[in-house]
Each structure stands twice: as C-alpha cells, then as structure tokens.
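1. Below are the sequence and a predicted model; questions follow.
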Number of protein chains: 2
Amino acid sequence: MTENPLILITNDDGISAPGILNLVNVAKKISNRIVVVAPDSPQSGMGHAITMNSMLRIKPFEIEGVEAYSCSGTPVDCVKIATIKVLKKRPDLVLSGINHGSNSSINVIYSGTMSAAVEASIEGIPAIGFSLCNTSIDSDFEPILDYVEHIIRHTLKNPLKKYTCLNVNFPAVAKELISGIKVCRQANAVWEENFDERLDPAGNSYFWLTGKFVNRELKATDTDEWALSNNFISIVPIHSDLTAYESLETLKSLENER
Amino acid sequence: MTENPLILITNDDGISAPGILNLVNVAKKISNRIVVVAPDSPQSGMGHAITMNSMLRIKPFEIEGVEAYSCSGTPVDCVKIATIKVLKKRPDLVLSGINHGSNSSINVIYSGTMSAAVEASIEGIPAIGFSLCNTSIDSDFEPILDYVEHIIRHTLKNPLKKYTCLNVNFPAVAKELISGIKVCRQANAVWEENFDERLDPAGNSYFWLTGKFVNRELKATDTDEWALSNNFISIVPIHSDLTAYESLETLKSLENER
C-alpha cells in the first residue's frame, strides 16, 4: 500500500455537492495529501465530454481545509487539468463522486462521475467512482462511508489491473440492511426515453428529456442491477476498450468482398 | 436486406459540415427514406453527453432535398429525439459522420460521432460511424465514398450482432493507395495532453487543451491504428458493455473481507 497516497478527488454534481464533501472526509482518514479539482457547476450526463472548442478556467475553492479548485469544464477536463496543471504529476489514486444517483449498468456511459474515473484509468492512474442510488441532494451518506473507506484501502493495498477502474454503486438503504459487496458485470439495461414537449411564450416548441429505466436482464444474478436490487453494494471493473470481440470473426467477410 | 430502409443520419461536426452532406449523398443511392437530425453547432469531443439540465429545440433544415432537422443538443440527444419525436419509430439503420478527423482507438470514447452510433446500438438499432482521418473542413471525401456505400450495403445484408455498432475509419490517402478493409480491435492509445496557459485582458489565466496522440501498441498488427497507418480502412465492432471481465475474479477478495 502506498503510504500517504496523493489522492485527486472530483465528481460531476459540482464542487458544492454534499457527495464530494463526504468523499473528501473519508479520504482524509487515509491520507493528508488530497487535492480536489471538480466542476464549478453540475455536469451530470456529460459522459466523456471534453472541452475542445472553448477554454477552461480554474479557481481556488474552500472545502474541508483541503487544497481545492473549481473548474469551468467537464469531469474529464477536471482530471486532465488536475494532473497537468494543478498537481503537475500523476496522483496515486483518483476518486470520483460520491454521485447523487445511480451509475450502475448503462448509466456508466452517460455519467460524468464515472467518465472522470475512466479518464484516469486511460491515463494509467487507479481510479474509483462512487455513487449512491438516491438523486436527492439531502441523501444520507452516513450508512455507506465505512464501506467507501474499506474499498479505497483495499484498492490501495491490492492494485487494480492497469487501465481499469471501479464502478461502485451503493443501495440507498439503512446500514443494517446492506447485504454486503458483490463484484459483478454491467447489466444490459437501457433508458426508454420520452420527450416532454412544451411551448415557450412565443409559441415555439421545446423538449425536456424524460425516461424510464429498463433492465433487460431481470433473471441474471451476476449483474450490478441484481446486486443493487438485493441491497448489495455493486462493484464493476470498467475499462475503455469498447471492442466487441465476439463480432470480429463474423465481420471478416467485409474484408474480402471488394 | 431491408428494401428501401429507413435511415437516420447524424454527426458531431454539425449539420452544415461537408462530411454529413457526403454521407447523405451515399445513403440516397441506397434508400429514399432518409431523415437527418444533426447538431446545429459543432459537438466534437462531446462523447456520450446528454442534455439533462436544459431543454432541446429542433428546427427544419435544408440538406440535399432530404427531410432534415437541426437540433440544439448533442449527437446522442439527436439520436434520442429523432427516434422519439421526429421519426416516431425506430429507423432500420443509423449512420453517423462522415467525421472530419479520426475516431480510431481511444478517440471512440471522446467522439460525439461514435457516441451517436453507440447510442443507437444501446437502443438495439444497427449503426455505423464513419470518420476520415483528416480534420480539414476541405477534406476530399471522394476517394472513400464507394467504400462507405459498400459497408452500408454489406451491413444491411449481414445484420450486426444486437447492441453492436461499427467504428469505421478511413486513411486520408488517394483512392488507389487504399490497401483495403481490415476488421480489427481498438488499439490501446492515449492523448498525452497539455494545456496552453494564456492571460485574458484582465490578467486572469485561462487554458486551452492541446495534445499529442500516442499509440501504446506500436508492435501490434491487429489494431485499428496499425490498419490505418498501413492505409487500410479500419472497422472495429463496438459495444457498450464496459465490464473488464478479466478483473472480475481477482476482485472477488473485496466481497469477503468485511
């Protein structure tokens, strides 16, 4: 285990969210070398977006007596600018969250919180994204904080495979109801969306995204959705290789036809 | 093969980009049921971002005599709103691009063009993202258009595995120099970034993201980067299951310790 590791903390709910405050407080038990670089505004649903056509700013911020900066960009921008301009070196660990709301199954791909962890993993830095399955700003994080600490300490002691990060989701239940930890795979699930159409004062229509979450694998017992619905903490190892290896062979016919 | 398939076309460079115009013209050879819903402004680097905290607008647009709409959102928003509000049903195929610039290897995760294709695949719609490895707005698409048509026709005739899409990248070379098509895996590569720090007129600093692309697998001959650097068209099958299966077993120790 790295003694007194240099830990970078970010999120997607913004630097003022209670979730990141709770994560900072857990991290302070593990190290006194903590730096926070997090978005200056909510960035939920930003996925792996980066700021290419505009510029970024960072500003000092006060959070629990820890060195902290707000950043005008996305969660992925925060990881990049933290490493290069703030720390000027690679941290030993990147922590992202604690997200207000689930990032299980397909949410991993829309989530700014998880994309920050994935970005760290792409750069070869161990990373963990934490999410509580409750979107309320007043969520009670107390029941999960010991588990957060345990998972961080375990990861420092047992290094992740390179270019891999963890997607950790907590059921929003009382501490005594948590069944334990399950290491699992990402469920095949989808948001069945709709758009709420409205008229502005000038009579022109505009749309709000709405949606219903659908787990396509209700019978599977090895997924994060199964774990969470049975009050387990789900941990899915995540990587950024999107190759669908099982399709490589059948697609070969594309090579020869022409 | 679906006769006269309903084809949705989008991109991330914006509805006015030459790349999407070229893609529409190829698609018109294959079907007369084409609808374009594409961003009203450039959305490069938007990854899988969706618009959750703001509203969306769509407006009719003129492109090659085809039904078309510009959308104020991201490429992923375009796929969602097209399916639900414009087409009001699932298209037979989603095409995204032709992107001005490479979306090979790790670029797949930052790319709005590829995220639109991935979004379609999540929804169970076959999808292909096309990119030309030349970021110039004046790129010559002529050398690749026959290949684009061939790949679309092949995909209509030989359905992709469900929840899978294709990431197709073209080397920016003369037609006679194209070596052919290679079906391959995503290379392990990274952007080694930097930030260009400047001062605004008030003396406050701001940052522009810059970067150098580094292929970490220079010796591998089964990757998209190898294919492209040898003038092959690279085709990588892509899915949205980010589970790092090879790590599941070793992580099991997390379950038992507590």
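-> Structure received.
2. C-alpha from now on. contacts and neighbour counts both.
-> Will do.
3. all strands for the stretch 1-150 of chain A, in order.
-> For the stretch 1-150 of chain A, the strands defined by DSSP state E, counting those that start in this stretch occupy A:6-10, A:33-39, A:58-63, A:66-71, A:93-100, A:127-132.
4. low-confidence ranges in chain A?
-> For chain A, the stretches with pLDDT under 70 are A:1-2, A:257-258.
5. that older thread, and the strands of the stretch 1-150 of chain A: which comes nearest chain B?
-> Among the strands of the stretch 1-150 of chain A, strand A:58-63 comes nearest to chain B, with 7.6 Å by CA to the nearest CA.
6. The closest one versus strand A:66-71: what angle between them?
-> Here strand A:58-63 runs at an angle of 140 degrees relative to strand A:66-71 (axes from the mean of the first three to the mean of the last three CA atoms, to 10 degrees).
7. buried residues in strand A:58-63?
-> A:Ile58, A:Phe61, A:Ile63 (16 or more other CA atoms under 10 Å in any protein chain shown).
8. do stretch A:251-258 as well
-> For stretch A:251-258, by 16+ other CA under 10 Å, it's A:Leu251, A:Leu254.
9. Could you do stretch A:205-219 as well?
-> Buried, per 16+ other CA under 10 Å, within stretch A:205-219: A:Tyr206, A:Phe207, A:Trp208, A:Leu209.
10. which bits of the stretch 151-258 of chain A sit near chain B?
-> Within the stretch 151-258 of chain A, the positions adjacent to chain B are A:151, A:154, A:161, A:164, A:180-186, A:188, A:190, A:193-195, A:205-209, A:236-245, A:247-248, A:251-252, A:254-256, A:258 by CA under 8 Å from any CA of the partner chain.
11. Report the contact partners of A:Arg57.
-> A:Arg57 is in contact with A:Cys71, A:Ser72, A:Gly73, B:Ser205, B:Tyr206, B:Phe207, counting by CA atoms under 8 Å, 6 or more residues apart in numbering or on different chains.
12. about what we covered before: would you list the buried residues of stretch A:205-219 in CSV and tack on secondary structure?
-> As requested, these are exported to CSV (DSSP: H, G, I helix; E, B strand; the rest coil):
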residue, secondary structure
A:Tyr206, strand
A:Phe207, strand
A:Trp208, strand
A:Leu209, strand
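13. Let me have the strands of the stretch 1-150 of chain A in TSV, extended by distance to chain B.
-> Listed next are the strands of the stretch 1-150 of chain A as TSV, based on distance: least, CA to the nearest CA, whole Å:
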stretch	distance to chain B
strand A:6-10	18
strand A:33-39	15
strand A:58-63	8
strand A:66-71	10
strand A:93-100	14
strand A:127-132	13
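14. Rebuild the ones you listed as a markdown table, extending it with distance to B:Ser16.
-> Formatted as a markdown table, these follow (distance: least, CA to CA, whole Å):
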| stretch | distance to B:Ser16 |
| --- | --- |
| strand A:6-10 | 36 |
| strand A:33-39 | 31 |
| strand A:58-63 | 33 |
| strand A:66-71 | 31 |
| strand A:93-100 | 37 |
| strand A:127-132 | 38 |
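15. in chain A, which helix has the most residues?
-> Ranked by number of residues, the top helix in chain A under DSSP state H is helix A:145-157.
16. Would you mind listing the buried residues in the helix or strand following that helix?
-> With elements assigned by DSSP states H and E, the helix or strand that comes after helix A:145-157 is strand A:165-170. Neighbour counts over strand A:165-170 (16+ other CA under 10 Å) mark A:Cys165, A:Leu166, A:Asn167, A:Val168, A:Asn169, A:Phe170 as buried.
17. now stretch A:229-248
-> For stretch A:229-248, burial by neighbour count (16+ other CA under 10 Å) applies to A:230-244, A:247-248.
18. Could you export that stretch as CSV, keeping only the C-alpha atoms?
-> What follows is stretch A:229-248, C-alpha atoms only, in CSV (Å, rounded to 0.1, in the frame of the first residue of the first chain):
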residue,chain,number,x,y,z
SER,A,229,-31.9,-4.6,-6.0
ASN,A,230,-30.9,-7.2,-3.4
ASN,A,231,-29.3,-4.5,-1.3
PHE,A,232,-25.7,-5.4,-2.2
ILE,A,233,-23.0,-2.8,-3.0
SER,A,234,-22.2,-3.4,-6.6
ILE,A,235,-18.6,-3.2,-7.9
VAL,A,236,-18.0,-3.5,-11.6
PRO,A,237,-14.4,-3.3,-13.0
ILE,A,238,-14.5,-1.0,-16.0
HIS,A,239,-12.2,-0.5,-19.0
SER,A,240,-12.2,1.7,-22.1
ASP,A,241,-11.7,-1.0,-24.7
LEU,A,242,-15.1,-0.9,-26.4
THR,A,243,-14.2,-3.6,-29.0
ALA,A,244,-17.0,-6.2,-29.3
TYR,A,245,-14.5,-9.1,-29.7
GLU,A,246,-17.3,-11.7,-30.2
SER,A,247,-18.1,-9.9,-33.5
LEU,A,248,-14.6,-9.8,-35.0
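19. quick revisit: what's the farthest-apart pair in the contacts of A:Arg57?
-> Across these, the longest distance by CA to CA is 14.5 Å; it joins A:Gly73 and B:Ser205.
20. Looking at the buried residues of stretch A:229-248, which are in helices?
-> Within the buried residues of stretch A:229-248, residues falling in helices by DSSP H are A:Leu248.
21. Which residues are in contact with the residue nearest the centre of chain A?
-> The structure's chain A has its C-alpha centroid closest to A:Met114; by CA atoms, centre = their mean the separation is 2.4 Å. By CA under 8 Å, 6+ apart, the contact list for A:Met114 reads A:Gly47, A:Ser96, A:Asn103, A:Val108, A:Gly129, A:Asn167.
22. Surely the last one and A:Ile238 touch.
-> Yes - in terms of CA atoms under 8 Å, A:Asn167 counts as a neighbour of A:Ile238; the distance is 6.7 Å.
23. picking that back up, compare the contacts of A:Met114 and tell me which is most surrounded.
-> Within the contacts of A:Met114, most neighbours by other CA atoms under 10 Å in any protein chain shown means A:Ser96, with 31 neighbours.
24. What residues are bridge-paired with that one?
-> Per DSSP bridges, the residues bridged to A:Ser96 are A:Thr10, A:Gly129.
25. How many neighbouring residues does the nearest residue to A:Gln43 once chain neighbours are set aside have?
-> In space, and not counting its chain neighbours, A:Gln43 is closest to A:Asp12: 4.8 Å by CA to CA, 6 or more residues apart in numbering or on different chains. If you count neighbours by other CA under 10 Å, A:Asp12 ends up with 33.
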